[in-house]
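Peer 1: what's the 3D shape of this:
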Amino acid sequence: MSDDDSPAWKDDFPISWGDDHYVTRREFTKSLVGVSCASFAATATLAAKRAGSAHRADWPELPLPRAGDLGVGAAQVFAYPGPHDRCILIRTAPDRFVAFGQKCTHLGCPVVYRAEQNDLQCPCHEGYFSALDGGVVSGPPSRGLARVALEQRGEELWAVGVEL
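Peer 2: Reported below is the predicted structural model:
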């Protein structure tokens, strides 16, 4: 073939055969698989660390002294694990309490407890969470609220960890 008879695609893709060996499809695919595996491993490691964080030794233990004064269906706000971390304690039955981080997982607005619907509402973007387990009921949040681990010690209720 002469230069005048060369295929039209050579004008659009002017890579010579000598330069073609720099990145082959096989090498590109190997790189893509390697990066994907590394990303998966990193995500799995972070998920495993997060799953084991519920009762870490470094979570402070905090008594909730007025918890017994709450009526069934009532709620109170408290700070845990630090003074600026707001949580909400709900008495769902005479012998059952649940507590969650008060920060919505969508954009961080504070959630409020609605006893008549038995849910937690984020008034900023109409997100709703179950008052029983903190899971998403509806709205834009994609994951549930952080759950505060509670322990009953005699007559006192204690916050002992956070399940993210």
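
Peer 1: what's the neighbour count on Asp85?
Peer 2: Neighbours of Asp85 under the rule other C-beta atoms under 10 Å: 15. C-beta: built from backbone N, CA, C; applies to glycine.

Peer 1: ok, it touching Gly108?
Peer 2: No - look at Asp85 against Gly108 with C-beta atoms under 8 Å: they stay out of range, at 12.0 Å.

Peer 1: buried sites along the longest helix seen in the chain?
Peer 2: The residue-count maximum for a helix in the chain (DSSP state H) belongs to helix 25-51. By neighbour count with 16 or more other C-beta atoms under 10 Å, helix 25-51 contains no buried residues.

Peer 1: still on that earlier bit, and for Asp85 and Gly108, which residues touch both?
Peer 2: Common neighbours of Asp85 and Gly108 are not found (criterion: C-beta atoms under 8 Å, 6 or more residues apart in numbering).

Peer 1: OK, contacts around the spatially most central residue of the chain?
Peer 2: With distances taken as C-alpha atoms, centre = their mean, the residue of the chain nearest its centroid is Arg143 (5.4 Å). Arg143 makes contact with Thr105, Val136, according to C-beta under 8 Å, 6+ apart.
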